[in-house]
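K.L.:
Structure, please.
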Amino acid sequence: MVSTELIKQLRDETGVSIMQCKKALEEAGGDIEKAKIALRKISAQVAAKKADRDLGSGAVQAYIHAGNSVGAVAVLACETDFVAKNEEFVKTAYDIAMHVAATAPEFVSREQVTEEVTAAARAVFEEEASDKPEDMRAKIVEGKIDAFLKEKVLLEQPFVKNPETTIRGLLEEATQKFGERVEVAEIARFSV
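P.N.:
Down below sits the predicted model:
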């Protein structure tokens, strides 16, 4: 039997329903960290089942940094109007807009990165690695391309408010919390 204190603690930390928290804690033998892992797996399964659903609702949030010299807009999409009006959902959209203002990603996902961008980066990194041993060059170049994409792609970036999770992880947590798929539909950053 899992204590109500543990269930409450897991609910406070994850925002997931009480019943899901109880079930995850029972499966994890009362271990909070194992229960969080179980909840993430459940969330991924739920998201996969709902991947084909239309994202017909959402929220647009803007962030303007102090001094009014940098601003960003994020469009966070979801399936239902009920979730779109949820205060935590709107706050998540705002947090993503703030993240965009701080980190200036150029793409939402890796799929949006064009072949031309990747080829140009590869050419620069191959030039930089030209003085390295031949057998190491390919690994060095691939590592630099991966780091480059993590810097330029929103979903790959560590979240500025909690660097232990990525924006992709933040969206997975939101999907788990709200019980439906949540995606960043669009971002824009402006500066003077």
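K.L.:
send the alpha carbons of whatever helix or strand E127 lives in over as PDB?
P.N.:
Assigned by DSSP states H and E, E127 belongs to helix 115-128. Only the C-alpha atoms of helix 115-128 are listed here, as PDB (Å, rounded to 0.1, in the frame of the first residue of the first chain):
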ATOM      1  CA  GLU A 115      19.900  20.100 -46.200                       C
ATOM      2  CA  GLU A 116      21.600  23.300 -47.200                       C
ATOM      3  CA  VAL A 117      22.100  24.400 -43.600                       C
ATOM      4  CA  THR A 118      23.400  21.000 -42.600                       C
ATOM      5  CA  ALA A 119      25.800  20.900 -45.600                       C
ATOM      6  CA  ALA A 120      27.100  24.400 -44.900                       C
ATOM      7  CA  ALA A 121      27.800  23.400 -41.200                       C
ATOM      8  CA  ARG A 122      29.400  20.200 -42.300                       C
ATOM      9  CA  ALA A 123      31.800  22.100 -44.700                       C
ATOM     10  CA  VAL A 124      32.800  24.400 -41.800                       C
ATOM     11  CA  PHE A 125      33.400  21.500 -39.400                       C
ATOM     12  CA  GLU A 126      35.300  19.400 -42.000                       C
ATOM     13  CA  GLU A 127      37.600  22.400 -42.500                       C
ATOM     14  CA  GLU A 128      38.100  22.800 -38.700                       C
END
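K.L.:
Tell me which residues of it come out buried.
P.N.:
A121, F125 (16 or more other Cβ atoms under 10 Å). No exception for glycine: its C-beta is placed from N, CA and C like everyone else's.
K.L.:
So what's the gap between that helix and the chain middle?
P.N.:
Centroid displacement of helix 115-128 relative to its chain, using Cα atoms, centre = their mean, to the nearest Å, is 26 Å.
K.L.:
Beyond it, next helix or strand please.
P.N.:
helix 134-152.
K.L.:
Show me what secondary structure element comes after that next one.
P.N.:
Immediately after helix 134-152, counting by DSSP H and E, sits strand 158-159.
K.L.:
Same question for the helix or strand that that following strand is followed by: list its buried residues.
P.N.:
Sequence-wise, the next helix or strand downstream of strand 158-159 (DSSP H and E) is strand 162-166. By neighbour count on 16+ other Cβ under 10 Å, the buried set for strand 162-166 is T166.
K.L.:
what residues does strand 162-166 touch?
P.N.:
Applying Cβ atoms under 8 Å, 6 or more residues apart in numbering, the external contacts of strand 162-166 come out as L155, E156, Q157, P158, F159, L170, E173.
K.L.:
Quick one: buried ones out of these?
P.N.:
Among the contacts of strand 162-166, the ones that count as buried (16+ other Cβ under 10 Å) are L155, E156, Q157, F159, L170, E173.
K.L.:
if we can go back for a sec, now flag whichever of the contacts of strand 162-166 is closest to E183.
P.N.:
Distances from E183 to the contacts of strand 162-166, taken as Cβ to Cβ, are shortest for L155 (9.4 Å).
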